[in-house]
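1. How does the following fold in three dimensions:
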Amino acid sequence: MISRRALLSLAAAGMAAPRFAFAQSSDGVIEIRAMKLEGQVLDAGQPGTELWSYGPTWPQPILRARQGQEFVARFVNELDATLSLHWYGVRGPAEMMSLRIAPGDANAFECRFTPPDAGTFWLGPIADVSRQREMGLYAMLIVEESEPLSSLVEVPLVLDDWKLDDEGRIDDDFDDIEEAIAQGRLGNWFTVNGGYRPRIEVPRGRIARLRMLNTANVRTIGVQFKGADPWIAALDGQPIRPVKVGTGPLLLAPGQRADLLLAESADEVILALDLFEDVVEIAYIERVGDGTASLPDDFMLPLNPLPPDIDVKAARKVPFVIEGGAKGGLKSATYGGEKLDIRALLERNLAWAFNGTASLAADPWQTFNLGEVVLLDVENRTAFAQPLHIHGHVWREVERAGKPIVDGPWRDTAVIPPKTSAKLVMRFDNPGDWALQSTIAERIDTGLITAFRVSESA
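-> Predicted structure coming up:
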């Protein structure tokens, strides 16, 4: 059976946003060292929280690369357990996009790839996800454009919720099957860039590029902006023609990203979390200095080298069924080559399935030819919205609930509403072994991940 192990052997006060860099050797290699530390997640003066980090500081530094230039990182695992990590959204080579790093300096792994796309991406776990993501083991990856956009001021905004007690300790019940069957692990404490209600200074005469990433285990974060109406300029790292956020909240499912452009604004812009029954302020952007900034009418971020126009009618149609969870209709599924009823699945801490299979199977779910165009016909039979992430590729949603979607954006994560069907079109142009997964931590751990293969030859 392709276990997690087999799949991951695919690779043997000022600016409150993180500005510091990872350690870098004389030959330009960035060191990413997974370790335990204590960080300030609660308000200043409150107890610290035991966390896991990719370096000795909290909040974690931002990883940076440049489009078209080689990025080299050396991973060292100081934790007790083997790490299985993935570069979410990066369309790099298969053998470098999912990593398995055993504990100890002797097992250090050097990761090399040249990112084809500029944009906002991230590094996070794909096994034992509920625990590792909740402990803080994630980092934003900014791939800067090949030609720097010096007119924009970078403001990374990493959003999270945490399940904490009054002393700042993280609830360690990560194997709660009842929680996994339901929504997942909802937090009760909200942070931006690892801290409580940070204040972020931005020069008044510059356009701010707000790079937003949702790292919560399950919560879809709805952000409201008071004092400004930013432009959405990119989704999941892929540029779009800018559109205003408007009066409603900007919704980001776990793992989704958005690049926003903030030009004219009030002296203070408040970022608030829309909790439906309440609104909670989570960060503040303060304009400092003099000057004015406005967005040109025709402004658009440079496009990435995405697949050319796709003939949807000529695409091969492939069904994809999601089942499981509370009231999700899952009666049985295959696991480890054996068909198990729901009771036996729950005994193995499994509660969800793709195409009748819980978690990874012995063989890839599908093999696609290099360059093949596919229409993924998704049927969400569950009672929950399902965010789906595809490794190494991007797709466009072209239909939802039988209604066509015109000019939908290229993304790597699509959200399928409960009891709803959707169609996603993509071109498989990146050879190797990949995965398609949920981005909700507890659902990955309890069944919602599958493998597929893109053959080397067309």
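
2. following the helix or strand where Cys111 lies, which helix or strand shows up next?
-> Here Cys111 sits within strand 109-113, counting by DSSP states H and E. Per DSSP H and E, the first helix or strand lying C-terminal to strand 109-113 is strand 119-125.

3. What's the first helix or strand after that next one?
-> helix 129-134.

4. quick one, the helix or strand just after that following helix and strand 119-125 angle?
-> Downstream of helix 129-134, the next assigned helix or strand under DSSP H and E is strand 139-144. With axes from the mean of the first three to the mean of the last three C-alpha atoms, to 10 degrees applied, the angle from strand 139-144 to strand 119-125 works out at 150 degrees.

5. next one: strand 139-144 to chain centre, how far?
-> How far strand 139-144 lies from its chain's middle: 12 Å, per C-alpha atoms, centre = their mean, to the nearest Å.

6. Show me what that strand is packed against.
-> Other elements packing on strand 139-144 under the criterion 3 or more C-beta pairs under 8 Å, 6 or more residues apart in numbering; DSSP states H and E are strand 63-66, strand 119-125, strand 152-162, strand 207-214. All C-beta atoms are positioned from the backbone trio N, CA, C, and that covers glycine.

7. again, 10 Å this time
-> Helices and strands touching strand 139-144, by 3 or more C-beta pairs under 10 Å, 6 or more residues apart in numbering; DSSP states H and E, are strand 63-66, strand 71-77, strand 83-88, strand 119-125, strand 152-162, strand 207-214.

8. Show me what the next helix or strand after the third one is in contact with.
-> To tie it back to what came earlier, the one meant is strand 83-88. Moving toward the C-terminus from strand 83-88, the next helix or strand (DSSP H and E) is helix 94-97. Identification of contacts with helix 94-97 by C-beta atoms under 10 Å, 6 or more residues apart in numbering yields 9-12, 71, 73, 85-91, 109-114, 391-392, 430-435, 453-454.

9. please redo it, this time with the cut-off set to 7 Å
-> 10-11, 86-87, 90, 111-113, 391-392, 430-434 (C-beta atoms under 7 Å, 6 or more residues apart in numbering).

10. In a helix, Leu375, correct?
-> No. Applying DSSP: H, G, I helix; E, B strand; the rest coil, one finds Leu375 to be strand, outside a helix.

11. Give me the pLDDT for it.
-> At Leu375, the model reports a pLDDT of 98.

12. what separates it from Ser438, distance-wise?
-> 21 Å (C-beta to C-beta, to the nearest Å).

13. List the buried residues of stretch 143-162.
-> Across stretch 143-162, burial judged by 16 or more other C-beta atoms under 10 Å covers 143-145, 152-162.

14. if we can go back for a sec, what about the strand holding Cys111, average pLDDT?
-> For strand 109-113, mean pLDDT rounds to 97.

15. what's the pLDDT at Gln256?
-> 98.

16. Sorry, wrong one. I was asking about Asp309.
-> Listed pLDDT for Asp309 reads 79.

17. Make sure it is indeed in a helix.
-> No. Going by three-state DSSP, the assignment for Asp309 is coil, not a helix.

18. What subset of the contacts of helix 94-97 is buried?
-> The neighbour-count test (16+ other C-beta under 10 Å) marks 10-11, 86-87, 90, 111, 113, 391-392, 430-434 as buried among the contacts of helix 94-97.

19. out of the residues you listed, which one sits closest to Pro198?
-> Trp87 (26.0 Å; C-beta to C-beta).

20. follow-up on the earlier one: looking at the helices and strands packed on strand 139-144, spot the one closest to Gly39.
-> strand 152-162 (10.7 Å).

21. contacting residues around that closest one?
-> Residues contacting strand 152-162 (C-beta under 7 Å, 6+ apart): 17-18, 41, 62, 140, 142, 170, 186-187, 189-194, 200, 202-203, 206-216, 219, 221, 283.

22. Which of the residues you listed are buried, as a ChimeraX select command?
-> A single ChimeraX command is used to select the members of these judged buried by 16+ other C-beta under 10 Å:
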select :17,18,41,62,140,142,170,187,189,190,191,192,193,194,200,202,206,207,208,209,210,211,212,213,214,215,216,219,221,283
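
23. re the thing from before, in TSV: the buried residues of stretch 143-162, plus pLDDT.
-> Output for those, formatted as TSV (pLDDT from 0 to 100):
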residue	pLDDT
Val143	98
Glu144	97
Glu145	97
Leu152	93
Val153	94
Glu154	95
Val155	97
Pro156	98
Leu157	98
Val158	98
Leu159	98
Asp160	98
Asp161	97
Trp162	97
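
24. Pull the most distant pair out of these.
-> Glu145 and Trp162 (33.0 Å).

25. all strands of the stretch 301-450 of the chain, in order?
-> 316-324, 332-335, 338-341, 352-354, 366-368, 372-380, 386-390, 395-400, 403-404, 410-411, 413-416, 420-428, 432-438, 449-454 (DSSP state E, counting those that start in this stretch).

26. Most tightly packed of the ones you listed?
-> Greatest average neighbour count among the strands of the stretch 301-450 of the chain goes to strand 352-354 (a mean of 27), per mean count of other C-beta atoms under 10 Å.

27. So what's the residue count around the closest residue to Glu144 other than its chain neighbours?
-> Using C-beta to C-beta, 6 or more residues apart in numbering and skipping the chain neighbours, the partner closest in space to Glu144 is Arg66 (5.0 Å). By other C-beta atoms under 10 Å, the residues close to Arg66 number 17.

28. Low-confidence bits of the chain, can you list those?
-> For the chain, residues meeting the criterion pLDDT under 70 lie at 1-26, 458.

29. Can you give the domain ranges for the chain?
-> 4-144, 152-288, 312-454 (automatic domain parsing).

30. for the second one, how far is the first residue from the last?
-> Taking C-alpha to C-alpha, to the nearest Å, domain 152-288 runs 15 Å from one end to the other.

31. Give me the distance from stretch 448-457 to the chain's centre.
-> Counting by C-alpha atoms, centre = their mean, stretch 448-457 is centred 19 Å from the centre of its parent chain.

32. now swap in stretch 82-102 and tell me
-> Relative to its chain's centre, stretch 82-102 lies at 13 Å (C-alpha atoms, centre = their mean).

33. circling back to that earlier point, including distance to Ala361, could the buried residues of stretch 143-162 go into TSV?
-> Compiled in TSV, those are given as follows (distance: C-beta to C-beta, whole Å):
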residue	distance to Ala361
Val143	33
Glu144	39
Glu145	39
Leu152	45
Val153	47
Glu154	42
Val155	42
Pro156	37
Leu157	38
Val158	34
Leu159	34
Asp160	32
Asp161	32
Trp162	34
